[in-house]
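Chemist: Predicted model follows, preceded by the sequence.
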Amino acid sequence: MRAPDTCLPLRAEGLRYAANGVPILDGVSFALEAGPPALIIGPNGAGKSVLLRVLHGLLPPTGGAVRWAGEGRNGGRPMPRDAMVFQRPVMLRRSVLANAGYPLKLAGLPRAERRARARAALARVGLDGMADRPARRLSGGEQQRLALARASVLNPEALFLDEPTASLDPAATRAVEDIVSDIAAQGTKVVMTTQDLGQARRMAGEVLFLHRGRLLEHAPAAEFFAGPRAPEAAAFLRGELVW
């Protein structure tokens, strides 16, 4: 159960972002409630990864605002509990266990509690037998599972995932998908970008379709895949829109 002061819904209000004068996000607005994963799809260059970074606070918008539960990120309330996992996660030069427990250390938890919670997180992603191995010696799929354990160890309310399976083989992809689905089932709002339409069909509760920095469609997944309203979205589903 979420606390009454949950930071969801997450609202994007007219988000704009430009780099070197080139617009990447153009007036993006939506609200994300608690519930099943929201998958952000669209052709290359649509602005998907930038949108995640703006939502997470890694990039300041050049226009508009990100609001949690109706307030700004610095609007007089505690920072929202959100985390992010990148396509190529950075592993600390430490053991698998130390990587999983690092957010708990930053949060000031006692060492014994950190170890117990980190081991439980590793067990959830199938890495409990590798706790003492150097994290940087894991395979790509194992590193992505470790990144998910590390991101979820503090039970974030929102978890942003930027194409977490883009470079993985089918078996590793399904393993990551299962972990993400489990995290979502525990009450975390997963917001994830993907280029894999099969993955979007398997995982999405709702779909946001971006094209050239504009949000052209936001709909329940079943409704979107049955018949997208935007012509660009329909073309994308047919494989006719790649840029």
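Modeler: Sure, I can see it.

Chemist: For the rest of this, base every contact and every neighbour count on C-alpha atoms.
Modeler: OK.

Chemist: wait, is Leu25 part of a strand?
Modeler: Yes: the assignment for Leu25 by DSSP: H, G, I helix; E, B strand; the rest coil puts it in a strand.

Chemist: Run a quick neighbour tally on the residue lying closest to it once chain neighbours are set aside.
Modeler: Excluding the flanking residues, the one nearest Leu25 by Cα to Cα, 6 or more residues apart in numbering is Gly213, at 4.1 Å. Per other Cα atoms under 10 Å, the neighbour tally for Gly213 reads 24.

Chemist: Contacts only, for Gly213.
Modeler: Contact analysis of Gly213 by Cα atoms under 8 Å, 6 or more residues apart in numbering lists 23-26, 28, 45-47.

Chemist: Following element in sequence after the helix or strand hosting Phe209, please.
Modeler: Per DSSP states H and E: Phe209 is located in strand 206-211. Sequence-wise, the next helix or strand downstream of strand 206-211 (DSSP H and E) is strand 214-220.

Chemist: Which elements pack onto whatever helix or strand comes next after that following strand?
Modeler: With elements assigned by DSSP H and E, the helix or strand that comes after strand 214-220 is helix 221-226. Applying 3 or more Cα pairs under 8 Å, 6 or more residues apart in numbering; DSSP states H and E, one finds that helix 221-226 contacts strand 206-211.

Chemist: Strand partners (parallel or antiparallel) of the strand it packs on?
Modeler: Note on strand 206-211: by DSSP bridges, its sheet partners are strand 38-41 (parallel), strand 214-220 (antiparallel).

Chemist: okay, those strands in JSON lines with mean neighbour count, distance to Leu154 and mean pLDDT next?
Modeler: Putting the strands paired with strand 206-211 into JSON lines (neighbours: other Cα atoms under 10 Å; distance: least, Cα to Cα, whole Å; pLDDT from 0 to 100) gives the following:
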{"stretch": "strand 38-41", "mean neighbour count": "26", "distance to Leu154": "21", "mean pLDDT": "98"}
{"stretch": "strand 214-220", "mean neighbour count": "18", "distance to Leu154": "28", "mean pLDDT": "98"}
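
Chemist: Ok, which of these comes nearest Gly101?
Modeler: strand 38-41 (27.1 Å; Cα to Cα).

Chemist: Identify the residues contacting whichever helix or strand comes after that closest one?
Modeler: Once strand 38-41 ends, the next helix or strand along the chain (criterion: DSSP H and E) is helix 48-56. Here helix 48-56 makes contact (Cα under 8 Å, 6+ apart) with 12, 24-25, 40-42, 59-61, 66, 82-84, 160-162, 193, 210.

Chemist: before we move on, back to that, which one of the strands paired with strand 206-211 lies nearest to Ala18?
Modeler: Ala18 sits nearest to strand 214-220 of all the strands paired with strand 206-211, at 12.7 Å, using Cα to Cα.

Chemist: Residues contacting that closest one, please?
Modeler: 25-30, 46, 205-210, 228-230, 233.

Chemist: Just want the angle from it to helix 48-56.
Modeler: Angle of strand 214-220 versus helix 48-56, following axes from the mean of the first three to the mean of the last three Cα atoms, to 10 degrees, is 80 degrees.

Chemist: Sounds good, over and out.
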